[in-house]
Structure formats: C-alpha cells, structure tokens
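> What follows is a predicted structure for the sequence shown.
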Amino acid sequence: MIHPTLRRLLAAVTLLSLLNACGGGGGDSPTATVAPPADMKPGEPAVPAETVPPPPLTTPPAAKVTTFTRQQASRFLGRATFGPNIAAIDALAASDSNAWFQYQFSRPQSLHRKYLDAKFPPADTTASKALPQNFYESFWQQAVGGDDQLRQRTAFALSEIFVISTQNEAVWPHVRGVASYYDMLGQHAFGNFRTLLQGVATHPMMGLYLSHLRNQKESATRTPDENFAREIMQLFTIGLYQLNADGSLKLSGGKPIDTYSRDDVSGLAKVLTGWSWAGPDQAANRFFGSVADPDRDWKPMQNYTAFHSTGEKHFLGVSISGATTGEADLAQALDTLFNHPNTGPFFGRQLIQRLVTSNPSPAYVGRVAAAFANNGAGVRGDMQAMLRAVLLDPEALAPAGTTLRTGKLREPLVRLGNWMRAFNAKDAASQYRIYYLSDPLTGLGQNPMNAPSVFNYFRPSYVPPNSPLAAASLVAPEMQITAEPSVTGYLNFIQDAISGGVGENASVKADYAAELALADQPAALLDRVDLLLLAGNMSTKLRGTILSTVNSVPIPAATGSNAAQVNLARTYRVRLAIFLSMASPEYLVQK
C-alpha cells in the first residue's frame, strides 16, 4: 500500500516531527525546573527526613462533575482507557464524568491468573507449562475487550512504575506469578496506595525480581540484600530528592537535598529480611525453596522468624528495636514511606506522566498530591481520588493547542490497543495470540511485563539529547524507545495490522464496516477517523493531505461485473485514511 522508500522517508520525517511536537503547546510559556532523573544516584549523605507522622492535611481539589462533547469524550477516553470507540464516546457524551467514574469503579475484575489456571489445569503444574505468551493472550483480551477500561489502563500504568519483568531469569518461569502480580496491581488500582504498597512489597514476583525473597539477616560474613530497599525508596515512593508539595525540588545552598543516605538503605534492608515463599510452616527448606507450596508463586510472601534481623534498624529518621516481628517491622517501614511528604507529589507526577502529559506544571502536580494527601474525607492515599484528580484536572481538560505543556508520546502498546478498540478488532477464536512485539524492527519495541530493567522501557525523566526538548528543559519518557528504526518498525507493523490483522496468523482483525460505508464520502470518513484517533483535533494541514491522498484512489462506477474492484478501492481508501492518521505526529503525540 505504501512504497518502502516512501515509508523510510516518512519514518525520518515523523521522528523529526516528534522531537518538535512532544513539548506540547507554545514555546514561549514558562517551564518549571525539571526534577533530577529518578535513576540518578544520590551523592552526599541525606538530610534525615521527618517521615513518621503524615503531613498536615491539605485542602483537596474541589469535586468536579464534567460533561463532554463527543470530541472531548474521545480525548478523555484516550487517556483513561486503552482507547475510545464510537459507543464509548457517545455514552460518555450523553452522561458525565461522575457517572462514568462510578461505573468504572464498580466493574468486577477478571483475573489473569484464573485464565492461566483454566488453560493449564491442574494448577500445581501451571508454572511448568505456561509461557509469557499465554499471559499476553489474557492481557490483550482484557485490555481491548474489558468493560473495566479504567482499571485496565491504570493497572498498565502501575506496571510501568512498580516494575517486574519476565526478562529476569528468576521471574520468567513463574508466569502464573507474573499474572497474579498484574492482578494485584489491578486489584489495588482503585483502593489505597498503602495497600498497594503492601501488595508490591510482599508479592513473591517482586521478591524474586528485586531479590528480597530469601533475604537473610546480617551475620559476621553477610549483609542483607539492599536491592529492594533502595528501589522502594528511589523508584516507588519518595525519589532521590526532597520535594515541595507541588513536586518542585527543595534546595539547600542551591542544591537538592537527598531523601535518603547509604545508611538508610542498609537500615531498611535489615527490615526486609526473613521474607520468602508462602507455606504452612517456617521450615528452612521452605524458606530456601526446596519444599514448595503449589500456590507459592502468587500467595503473598511470609516472614520467617529465624531469618529476620533481630538487630536495631535505623532508616529515614525511624528506629525499630530488634524485639519486633518481621511483619511489624515491614508495616512500620511502609507506613513511614506512605506518610513521607515526598510520596504524594512523587507518585502523582508519575501517574500524570503515564496517563496525561510528560511535563505537568507544578500546580498540576500539587493538585494531584493534595488529592493523595486528602480525598476530601481525611483519607490519605485514596487511588480513586487520585485518578479523578489526574484525569479531570484543568490542565488535563484544557483545549489542545493552548500554551500548556500537555503533550505525551503515545507508547506503542497503547497505539495498538487504540487501533483495536477504535475499529473493533477481534479474534474469532477469542485467543488474542499477539506475542512477538518486543523487536522494534518487526514489532513495537515493547511487550507487557517484559521491560529491560526496573526503570521500565523508559525512565520518567528521560530527555532526548541535543533536541528541542532538551533545550526547553522538558522530558519525553517514551522517546527513550523511539528512533528511526523503531519508527520504521512501527509504520511497517501498523500498516500490516490495518491491512491484514495482527497476531498469530493475523487472527485479530478489524471490522471496518462503518468506515467502508463512508468510503465514497472522504470528508465524512476522515471525520470519523479523526474522532476515533485524534479526538477531532486533526489540523487543517494534515486533514488536507490525507483527504488529497484518499481522493487519489478512484472508486470505479459500479457495473454488474466489477463489485470486487469497487470494494477494493473502498478498502484502500479506508486503510489509507487510518494509516496516514496513525503515522502522523499529530496522532503519535497525544495532547
């Protein structure tokens, strides 16, 4: 449909356009100081933070009930779900945000682990039979077809913050455990952040991934493993540097203040000793794994008294005596992190980045952090309040094209989900065998739960070097997996998907019946594609280019013998309209 040479040229042009477009609105708007990347290492010893009591309650954002036009509904759904379809757009436009949130919060959760257990009975042999591909089947079934779209999209966002990965050799064999970890994120997506943190810290897959499963107390020849102790602070809760309530850096002598020191890491590592596989006893062979409970890959870890540190533990200004239990020590550590003043703005900024914009203003971060601190009823960490605050913030709802920095690059998996939902792509066998997406040349450079490191596929503070974004002190996380080869790979992949389907034997195919009915009305066809993919915000220039290209495909006058030729011309028009829209920087940069 598109000549390979033209496709390569389009890839280069698209990449250059993305670098300019990711920054959002006008270039003259003031920009806030960007916090140092979360993956930087602390330098000087930290100034101890006061973390035991929660910060004073702030005034939460006022409750909002928002109504939407069809274009606004499409834009909102493009962030809050894996993508809009016409039915979802019309339903939201006929209702309001409160009714939509209440419906989404009330939807029951389908469990990925149960899908694997049903496919590979009995349960005690699942781990040896299931492969990551089998989790992908369940992932796409739910991401595209699930009625609980907000949970689906939020769980995916959380999986990119609280990362585990099947690229890890210890995690890879436990596909059932990986599925249950993702289920855990979905379960707590609408609960409380403190409960979510407990689920993350005690899940055996996180224990394997960040090596605090089988973490033993200190001895004359051994120090506790510090991996999870470091990352739960650095990446999951408080970050490297102390923050103001709006996410901006606290400074001392013009320099940022570390949130924790090397001693805090070692102190917290002692807290995290003694955790290992679940089971009916605390025998050493169960701790080390030679005796296995059949459900140990998904049941929360238990603490083994014999392996838990009995020494005093000091971290973040907190001291714990050696007389307490492993469970009590963990509870105090998680409470300390939960109540730390950094946690709301640090986590809130990442949630905004995953759903709305790469460069939220300090005011936006501050409003979301206020919702974290107080849901309006004095409750800290209410995820429902946070999601409302993120998705209904004035900065999120401001019209596209304002001077606010509202842009974010759509990550490849979300683009695929968007196409599948917009055009009702289904697998007739309901298997959704969409497996090999990780190669950027032949796939999308991304697969769920398969990130290359604990920093995810892209880091939240990634800045493309020597780019307009760097010059403007802006970040673009998703650009870390974006280069000319990956753009070319995406164009090839999405063209094939649009034309023939996706997955094993191209079994997941779109239904273009509604679009084909408009093929002889190019303007109306493009209006529909624009609404589904670009929330009705296609520029006049892009619209003119696509219309001209679609019109260049003639539809022959129907005769009694040329029905096939007429249908083929209609099909080419539809595919062109969709492909050129999805190839455009205006689509790739979600605003």
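Right, received. Where do you want to start? Residues are numbered from 1 along each chain as shown.

> Any stretches of the protein with poor pLDDT?
1-62, 122-128, 403-404 (pLDDT under 70).

> Enumerate the positions of the host helix or strand of K270 that are buried.
Assigned by DSSP states H and E, K270 falls within helix 262-271. Residues 264-271 are the ones in helix 262-271 that count as buried (16 or more other Cβ atoms under 10 Å). Backbone N, C-alpha and C define where each C-beta goes, glycine included.

> how about the CA coordinates for that helix, as PDB?
Extracted C-alpha coordinates of helix 262-271, given in PDB (Å, rounded to 0.1, in the frame of the first residue of the first chain):
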ATOM      1  CA  ARG A 262      23.600   4.900  52.200                       C
ATOM      2  CA  ASP A 263      22.900   4.200  55.800                       C
ATOM      3  CA  ASP A 264      19.100   4.500  55.200                       C
ATOM      4  CA  VAL A 265      19.400   1.800  52.500                       C
ATOM      5  CA  SER A 266      21.300  -0.600  54.800                       C
ATOM      6  CA  GLY A 267      18.900   0.000  57.700                       C
ATOM      7  CA  LEU A 268      15.800  -0.600  55.500                       C
ATOM      8  CA  ALA A 269      17.500  -3.700  54.100                       C
ATOM      9  CA  LYS A 270      17.600  -5.200  57.600                       C
ATOM     10  CA  VAL A 271      13.900  -4.500  57.900                       C
END
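
> I'd like the distance between P204 and L391.
As judged by Cβ to Cβ, to the nearest Å, P204 and L391 stand 32 Å apart.

> The helix holding K270 packs against which elements?
helix 227-234, strand 313-315, helix 326-339 (3 or more Cβ pairs under 8 Å, 6 or more residues apart in numbering; DSSP states H and E).

> which residues touch the nearest residue to R570 once chain neighbours are set aside?
Nearest non-adjacent residue to R570, counting by Cβ to Cβ, 6 or more residues apart in numbering: A519, 3.7 Å away. Neighbour list for A519: 525, 555, 569-571, 573-574 [criterion: Cβ atoms under 8 Å, 6 or more residues apart in numbering].

> now these in a markdown table, with distance to A155?
Formatted as a markdown table, the contacts of A519 follow (distance: Cβ to Cβ, whole Å):
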| residue | distance to A155 |
| --- | --- |
| L525 | 34 |
| I555 | 44 |
| A569 | 42 |
| R570 | 38 |
| T571 | 36 |
| R573 | 37 |
| V574 | 32 |
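
> Max pairwise distance over the residues you listed: which two?
Largest separation among these by Cβ to Cβ: L525 and A569, giving 12.8 Å.

> So which of those two has more stuff around it?
L525 (25 against 17; other Cβ atoms under 10 Å).

> ok, back up a step: any idea which of the contacts of A519 is the one closest to W275?
Using Cβ to Cβ, these come closest to W275 at V574, 54.6 Å.

> Verify the stated contact: that closest one with L516.
Yes - contact criterion Cβ atoms under 8 Å: V574 and L516 qualify, at 5.7 Å.

> quick one: which of the two has more around it?
Comparing V574 with L516 by other Cβ under 10 Å, the one with more neighbours is V574, at 26 against 15.

> Leaving out chain neighbours, which residue sits closest to that one?
With Cβ to Cβ, 6+ apart as the criterion, V574 has its nearest non-adjacent residue at 4.5 Å, and that residue is E515.

> elements contacting the strand or helix carrying R570?
Secondary structure from DSSP H and E places R570 in helix 563-583. Here helix 563-583 touches helix 412-422, helix 484-500, helix 513-516, helix 522-534, helix 540-551, going by 3+ Cβ pairs under 8 Å, 6+ apart.

> Might you report the residue contacts of K129?
Neighbours of K129 in contact, by Cβ under 8 Å, 6+ apart: F120.

> can you give me the offset of stretch 525-539 from its chain's centre?
Relative to its chain's centre, stretch 525-539 lies at 24 Å (Cα atoms, centre = their mean, to the nearest Å).

> and if you look at stretch 528-542?
Here stretch 528-542 is found 24 Å from its chain centre; the criterion is Cα atoms, centre = their mean.

> circling back to that earlier point, which of the three states applies to the residue nearest to R570?
Classification of A519 by DSSP: H, G, I helix; E, B strand; the rest coil places it in coil.

> hang on, the residue nearest to V574 packs against R575?
No - the criterion here is Cβ under 8 Å, and E515 misses it with R575 at 9.2 Å.

> Show me where the stretch 151-300 of the chain has its strands.
Counting by DSSP state E, counting those that start in this stretch, residue ranges of the strands within the stretch 151-300 of the chain are 251-252, 255-256, 275-276.

> Which strands border the first one, and is each parallel or antiparallel?
Looking at strand 251-252 with DSSP bridges, its paired strands and their directions are strand 255-256 (antiparallel).

> List of residues touching the partner strand?
Contacts of strand 255-256 (Cβ under 8 Å, 6+ apart): 36, 240-242, 249-250.

> and of the strands of the stretch 151-300 of the chain, who's closest to F190?
Comparing these by Cβ to Cβ, strand 275-276 comes nearest, at 26.4 Å.

> strands paired with that closest one, and their directions?
strand 302-303 (antiparallel).

> what does the partner strand rub up against?
By Cβ under 8 Å, 6+ apart, the residues outside strand 302-303 that reach it are 274-279, 282, 325-327, 330.

> Could you do stretch 213-229 as well?
By Cβ under 8 Å, 6+ apart, stretch 213-229 touches 201, 204, 206-207, 210-212, 265-266, 268-277, 287-289, 301, 307-311.

> what are the ranges of the helices in the stretch 251-400 of the chain?
Along the stretch 251-400 of the chain, counting by DSSP state H, counting those that start in this stretch, helices occupy 262-271, 284-288, 326-339, 343-355, 362-373, 383-392, 394-397.

> Include distance to S461 when you put those into a markdown table, please.
Conversion of those to a markdown table gives the following (distance: least, Cβ to Cβ, whole Å):
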| stretch | distance to S461 |
| --- | --- |
| helix 262-271 | 21 |
| helix 284-288 | 38 |
| helix 326-339 | 20 |
| helix 343-355 | 9 |
| helix 362-373 | 14 |
| helix 383-392 | 18 |
| helix 394-397 | 19 |
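
> Compare those helices and give me the one nearest T154.
Across those, closest to T154 is helix 383-392 (Cβ to Cβ), at 6.5 Å.

> Are there helices or strands packed against that closest one, and which ones?
Counting contacts by 3+ Cβ pairs under 8 Å, 6+ apart, helix 383-392 is packed against helix 70-80, helix 97-106, helix 149-159, helix 193-202, helix 343-355, helix 362-373.

> could the ones you listed be laid out in CSV, adding distance to Q446?
Putting the helices and strands packed on helix 383-392 into CSV (distance: least, Cβ to Cβ, whole Å) gives the following:
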stretch, distance to Q446
helix 70-80, 18
helix 97-106, 25
helix 149-159, 11
helix 193-202, 22
helix 343-355, 14
helix 362-373, 26
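
> got those as a markdown table, with distance to A535 and mean neighbour count columns?
Formatted as a markdown table, the helices and strands packed on helix 383-392 follow (distance: least, Cβ to Cβ, whole Å; neighbours: other Cβ atoms under 10 Å):
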| stretch | distance to A535 | mean neighbour count |
| --- | --- | --- |
| helix 70-80 | 4 | 23 |
| helix 97-106 | 16 | 16 |
| helix 149-159 | 16 | 24 |
| helix 193-202 | 30 | 20 |
| helix 343-355 | 15 | 25 |
| helix 362-373 | 20 | 24 |
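
> would you say M538 is within a helix?
No - per three-state DSSP, M538 lies outside any helix segment and is coil.

> which other residues reach the helix or strand containing A118?
Per DSSP H and E: A118 is located in helix 112-119. By Cβ under 8 Å, 6+ apart, the surrounding residues in contact with helix 112-119 are 123, 126, 130, 134-135, 137-139, 141-142, 175-176, 179-180, 182-183, 298.
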